[in-house]
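In: Structure for this input, please:
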Amino acid sequence: QVQLVESGGGSVQAGGSLRLACTASKDIYDNYYMGWFRQPPGKEREGVAIIENDGSFSYGDSVKGRFTLSKDNAKNTLYLQMNSLKPEDTAMYYCAADRFVWKLIQIAPDYWGQGTQVTVSS
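Out: So this is what the prediction gives:
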């Protein structure tokens with residue numbers, strides 16, 4: 001059973017930080033590509049950060065230098081550290097996974113978590 005569970009969202013003032021966590025079932029964590037996506041209010045879902053097929057991390061232009069992916073293999077967890085948050089970072093954040101990295105790049109992975117809300121006030 002595919003399982004992706006996000007946590008760590010909340011409300012923060014601009015300039016603050018949050019760390020999101022996505023805990024996956026072991027099969028997903030070991031064998032699927034994973035990434036973070038977000039959907040701002042009234043807008044389409046967009047990519048935030050993904051794990052590439054060579055294991056490197058890539059980031060959307062709007063979050064480069066502020067957001068950082070990391071992994072805890074012992075906990076099957078993918079983290080998204082978000083620093084210098086801006087009001088435009090306000091969105092529902094989703095963890096997602098797929099066997100093919102191109103599906104993450106196209107924002108069309110097969111498996112999604114339930115999402116966690118991030119709200120940044122000015």
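In: who are the neighbours in contact with the nearest residue to residue 53 once chain neighbours are set aside?
Out: Nearest residue to residue 53, sequence neighbours excluded (CB to CB, 6 or more residues apart in numbering): residue 101, at 4.6 Å. (C-beta placed from N, C-alpha, C; glycine too.) Listed by CB atoms under 8 Å, 6 or more residues apart in numbering, the contact partners of residue 101 are 33, 50-53.
In: Torsion angles phi and psi at residue 101?
Out: Backbone torsions for residue 101, taken as degrees, to the nearest 10, come to phi -70, psi -30.
In: Please report how far it lies from residue 39.
Out: 21 Å (CB to CB, to the nearest Å).
In: ditto for residue 30
Out: From residue 30 to residue 39 the distance is 27 Å (CB to CB).
In: Settle it for me: which of the two has more neighbours?
Out: residue 39 (14 against 10; other CB atoms under 10 Å).
In: Helices along this structure, start to end?
Out: Along the chain, the segments classed as helices by DSSP state H run 26-31, 101-105.
In: Can I get the longest one as PDB, trimmed to CA atoms?
Out: Taking C-alpha atoms only, helix 26-31 is exported to PDB below (Å, rounded to 0.1, in the frame of the first residue of the first chain):
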ATOM      1  CA  LYS A  26       9.400   1.700   3.000                       C
ATOM      2  CA  ASP A  27       8.700   0.400  -0.600                       C
ATOM      3  CA  ILE A  28       8.000   3.900  -1.800                       C
ATOM      4  CA  TYR A  29      10.900   5.400   0.000                       C
ATOM      5  CA  ASP A  30      13.400   2.900  -1.300                       C
ATOM      6  CA  ASN A  31      12.100   2.500  -4.900                       C
END
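In: Now do the same for the residue nearest the centre of the chain: its pLDDT.
Out: For the chain, residue 36 is the residue whose C-alpha lies nearest the centre (CA atoms, centre = their mean; 2.1 Å). Note on residue 36: pLDDT of 98.
In: re earlier: can you redo the helices of the chain as TSV with mean pLDDT and distance to residue 112?
Out: Output for the helices of the chain, formatted as TSV (pLDDT from 0 to 100; distance: least, CB to CB, whole Å):
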stretch	mean pLDDT	distance to residue 112
helix 26-31	93	12
helix 101-105	95	11
